[in-house]
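Trainee: Just the structure for this:
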Amino acid sequence: MASPTSFPASGSRSKKPLGKMAGWLRQALSKKPKEMPVSQEISPSDAPPRCPQEDTPSPGLSSTASAASALPPAPPQAQEGASSSRGASSSRGASSSSSGGRWSRDYDVCVCHSEEDLAAVQELVAYLEDSSASLRCFMQLRDAAPGSAIVSELCRALDSSHCRVLFITPGFLRDPWCRYQMLQALSQAPGAEGCTIPLLTGLARAAYPPELRFMYYVDGRGPERGFPQVKEAVLRYLKTIS
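Mentor: Presented below is the predicted three-dimensional model:
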């Protein structure tokens, strides 16, 4: 029985003649291999430029570095002068900030009084301000800022003064506002001895306010009315804080 596909017999395959194959082989072997083109080799001129940061520093940096290395170090004299100037300025700042003493507040004396005694208080203030000590006084009817609250202005004046002079008279004892001034002055500096100075004028010792019974007062009787004693008491206190 015959197969559906038939293969050609081995003798029927087409073959090239042996002579032709041998000639083709000799011809292929006799040919020289082609040389590589020169264009494939990269010449130095055709090479891409190299990034300057990779090999050499930039001209600006190199010049700056060379200039910095060429500069000599700062002389010790200049450094010492700079440090001394800084020390002087810091010492000036420390002295100005820690001036303290008398000039740490705006007033030396705040005089608390009644309106009935305005004329006598003006004489006391003139005596203290015109003396050789040139004491700085605050008198509410003269130095209070217009439009400000009365209580706030009193508290501000007491805070801004080293000493408080209580001008105690019959009018002082009758005035509730004067009593408030006295209590406020005592509460502002309860432990400061010598900063509250009572000046008793026109009253007997029995009328001395009980709130001040632990404080010595200045007797306002006599031709000088106790003004020199008040001045000496203020100067004595100012020495304690200088």
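
Trainee: What's the separation between Leu212 and Ala149?
Mentor: To Ala149, Leu212 is 27 Å away according to CB to CB, to the nearest Å. C-betas here are computed from N, CA, C, even on glycine.

Trainee: neighbour-wise, which of those two wins?
Mentor: The residue with more neighbours, out of Leu212 and Ala149, is Leu212; 16 against 11, by other CB atoms under 10 Å.

Trainee: so where do the strands sit in the chain?
Mentor: Taking DSSP state E as the criterion, the chain carries its strands at 107-112, 137-139, 161-168, 196-200, 218-219.

Trainee: For this structure, name the helix or strand with the lowest mean pLDDT.
Mentor: Sorting the helices and strands of the chain by mean pLDDT, DSSP states H and E puts helix 76-97 at the bottom, at a mean of 40.

Trainee: if I look at Arg225, how far off is Arg174?
Mentor: According to CB to CB, Arg225 stands 20 Å off from Arg174.

Trainee: With neighbour numbers in mind, choose between these two.
Mentor: Arg225 (19 against 11).

Trainee: Now that one. Nearest residue, chain neighbours left out?
Mentor: Nearest residue to Arg225, sequence neighbours excluded (CB to CB, 6 or more residues apart in numbering): Thr201, at 6.7 Å.

Trainee: contacting residues for the closest residue to Ser160 other than its chain neighbours?
Mentor: Computed as CB to CB, 6+ apart, the closest residue to Ser160 that is not its neighbour in sequence is Asp106, at 4.3 Å. With contacts defined as CB atoms under 8 Å, 6 or more residues apart in numbering, the neighbours of Asp106 are Arg136, Phe138, Ser160, Ser161.

Trainee: From the residues you listed, keep the buried residues only.
Mentor: Arg136, Phe138, Ser161 (16 or more other CB atoms under 10 Å).

Trainee: low-scoring stretches of the protein, by residue?
Mentor: By pLDDT under 70, the low-scoring segments of the chain are 1-99, 191.

Trainee: Can you show me the helices along it?
Mentor: For the chain, the helices defined by DSSP state H occupy 18-30, 52-55, 59-70, 76-97, 118-130, 140-143, 150-159, 170-174, 176-188, 227-241.

Trainee: Buried ones in stretch 151-168, by neighbour count?
Mentor: 153-154, 156-158, 161-168.

Trainee: end to end, how far does that stretch reach?
Mentor: The first and final residues of stretch 151-168 sit 20 Å from each other (CA to CA, to the nearest Å).
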